[in-house]
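In: below is the sequence, then the predicted model.
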There are 2 protein chains.
Amino acid sequence: MKKRRVESIRWHDGRLLLLDQRDLPTAENWVEMPGIEAIHGAISDLLIRGAPAIGIAAAYGCVLAAAHRVADTSAWHGDLDRLIEARPTAVNLRWAIERMRATVADGSTPGAALADLERAACKIHSDDLAANQEMARAGASYLAPGSRVLTHCNTGSLATAGVGTALGVIVRAWHEGRLKSVHACETRPWLQGLRLTAWELAREQVPCNMLVESAAASLLQAREIDWVITGADRIAANGDVANKIGTLMLAVLARHFGARMMVVAPRSTVDPDTADGRQIQIEHRPADEIWSSAGIAGGLPGIGAFNPVFDVTPARLIDLIVTEGGVLRPPYEQAISGLFGAL
Amino acid sequence: MKKRRVESIRWHDGRLLLLDQRDLPTAENWVEMPGIEAIHGAISDLLIRGAPAIGIAAAYGCVLAAAHRVADTSAWHGDLDRLIEARPTAVNLRWAIERMRATVADGSTPGAALADLERAACKIHSDDLAANQEMARAGASYLAPGSRVLTHCNTGSLATAGVGTALGVIVRAWHEGRLKSVHACETRPWLQGLRLTAWELAREQVPCNMLVESAAASLLQAREIDWVITGADRIAANGDVANKIGTLMLAVLARHFGARMMVVAPRSTVDPDTADGRQIQIEHRPADEIWSSAGIAGGLPGIGAFNPVFDVTPARLIDLIVTEGGVLRPPYEQAISGLFGAL
């Protein structure tokens, strides 16, 4: 019995619909995006999240903005500039928007290029789907039969156009009979693991155990994990990886307790213009994201929050980076140059 | 302006009242414990928590049980045996109950020893208060001016009879002007940090930033922490420390990023009969403690949970253990023998 494929982005007849991921798994609400402002809000407010997915949504946003701006090329570029700022860390957003921008030839207008823009957005969407399949195949091939894996956040169909990045590897490896166990961190403060990854794995009939982030150390100490597998929001030219807060913790623990660390991300996540992790801007979000779970609106007097959304894992803690263009191993500078054909 | 001291256990005229810590900080509800069964429930259901606090509550429970059992010494011992099992990891519970048991001389009855039992429980209570003050003094003296500290869970007045263990050190060091910053982990799944530690620090006017556990790695990576300071639920004879899930993660990260690790606990938490951490029984709790925060009662099909309440940090990752009987340094076998006068 084949289940309907999970997706988070639908484009049909020039209309864009996004699945509101904040309501999952209790409700599946699709929201139409009338224009680029709505998409900006949907990305900043986490209605849609996941580095590849926000890139795809943004690409369609460029199409909607072109239909609105028509001949006002300068206003269209302004729209795109603002959309890039919706979330600063994941590079896929900027990558997709710049690709859309380059679709309009010098001297032309977004209105004149509308059909080309729609084709470009659809290609970003379908390329991601194909990349997912290739990453899943390549990543799964590294997992020896009986492997026990631990993942973080949500990197599945909801975060991408296809089977996902890290979660695509895990689901494929499970169905290939390679996995003995799957564990997934709940991923505070937004609980993407508990709400989204668990829901996707249940639909895929992949058994899994959820854990709070702080329990990962116990699991690794007990030698119950062979591979930690995560996605990425930006990979620097030296292989440093920005990803959901908690990835650095998992990488340090994996190294300390003798497990391996695999990062799975499309080539669009690799940013050769970012020399290393220190150059990556880390988004910080409001304290109320933390307080809300304790039912204390506005917090307590004198008590603030340290709420970064991402962290940077140094390349030396990463054993493999799986992309659709090849599987990278240290030293990453060379491997990443090779990925972009610079060698 | 001196605030009313925070407390979680009140004994007056033979009546025991406990502050329901599950309702904090939104409500302060005191619940009377009519007998030992109610105390068993209060401990298992986390109405009261914190290793020293559950020891004290259990001691008063032995008094209430003695008033009920009077001449039925064997039934009284049975009550105590069951109470020991309410939570398996923290040794203070067993320690307090065994101390109460020893108060009734061979051939006597709990009813005949009632006054002695009440005195013994009150002494456990007041000794803990005094031990807290001594630990706070001793621990704070190790924090150089300008120190930046990170703590986990709740180890303050709510978890003890006095100023607390790790939090007692932090509050004292703050008021002595030794601290530049205080960070506290929210402590999933029960959020003792966010609900209890933040509330205590706000009352003590100690500024603090809260973080999700997974953000601790970023903070340590940025070299923003000098000391990780935690309590303990059981310390083995070799210095291995069982404490709230997440402590092991913090200890590994502290060592990796060059911060130091201080454990603060009364001598009653040190268990010379437990050779090392492998002998410590780790309590696991139901999956619904995790699911409830995602609003998914009962979870999802095929998805389980790994939900240990405690983890074991190996002695080699701990720089100092502060007790009221002295500050211990490695090698801990000798230091702990010395604490019990065996050397």
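Out: On my side now, so go ahead. Numbering: from 1, shown residues only, chains lettered A, B, ... in the order given.
In: so who does whichever residue of the stretch 1-150 of chain A sits closest to chain B touch?
Out: Using Cβ to the nearest Cβ, the single residue of the stretch 1-150 of chain A nearest to chain B is A:Thr26, 5.8 Å away. Yep, even glycine has a C-beta here, placed from its N, CA and C like the rest. Applying Cβ atoms under 8 Å, 6 or more residues apart in numbering or on different chains, we find A:Thr26 in contact with B:Gly295, B:Ile296.
In: near chain B, which residues of the stretch 101-250 of chain A are found?
Out: With Cβ under 8 Å from any Cβ of the partner chain as the criterion, the stretch 101-250 of chain A meets chain B at residues A:183, A:185-189, A:191, A:194-195, A:198-199, A:201-202, A:205-219, A:221, A:245-246, A:248-249.
In: among the residues you listed, name the ones in strands.
Out: Taking DSSP state E, the ones among those that sit in strands are A:His183, A:Cys185, A:Cys208, A:Asn209, A:Met210, A:Leu211.
In: give me the beta-bridge partners of the fifth one?
Out: Listed by DSSP bridges, the beta-bridge partners for A:Met210 are A:Ala184, B:Ala305.
In: coming back round to it: so which of the ones in strands among the residues of the stretch 101-250 of chain A next to chain B is the most crowded?
Out: Counting neighbours by other Cβ atoms under 10 Å in any protein chain shown, A:Cys185 comes out on top of these with 31 neighbours.
In: Provide a list of residues in contact with that residue.
Out: By Cβ under 8 Å, 6+ apart, the neighbours of A:Cys185 are A:150-153, A:193, A:210-213, A:216, A:246, A:250, B:214.
In: of the residues of the stretch 101-250 of chain A next to chain B, just the buried ones, ChimeraX syntax please.
Out: Here is the ChimeraX command that selects the buried residues among those (16 or more other Cβ atoms under 10 Å in any protein chain shown):
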select /A:183,185,186,187,188,189,191,194,195,198,199,201,202,206,208,209,210,211,212,213,214,215,216,217,218,219,221,245,246,248,249
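In: quick check: which element contains the closest residue to A:Arg15 other than its chain neighbours?
Out: Leaving aside its chain neighbours, A:Arg15 sits nearest to A:Glu32 (6.2 Å; criterion: Cβ to Cβ, 6 or more residues apart in numbering or on different chains). Assigned by DSSP states H and E, A:Glu32 belongs to strand A:30-33.
In: and the next element down the chain from that strand?
Out: Reading on from strand A:30-33 to the C-terminus, the next helix or strand found by DSSP H and E is helix A:36-44.
In: now that next one: buried residues?
Out: Neighbour-count burial for helix A:36-44 flags A:Ile36, A:Glu37, A:Ala38, A:Ile39, A:His40, A:Ala42, A:Ile43 (criterion: 16+ other Cβ under 10 Å).
In: packing partners for that helix?
Out: In terms of contacts (3 or more Cβ pairs under 8 Å, 6 or more residues apart in numbering or on different chains; DSSP states H and E), helix A:36-44 is packed against strand A:30-33, helix A:51-69, helix A:73-84.
In: mean confidence for the second one?
Out: Helix A:51-69 carries an average pLDDT of 97.
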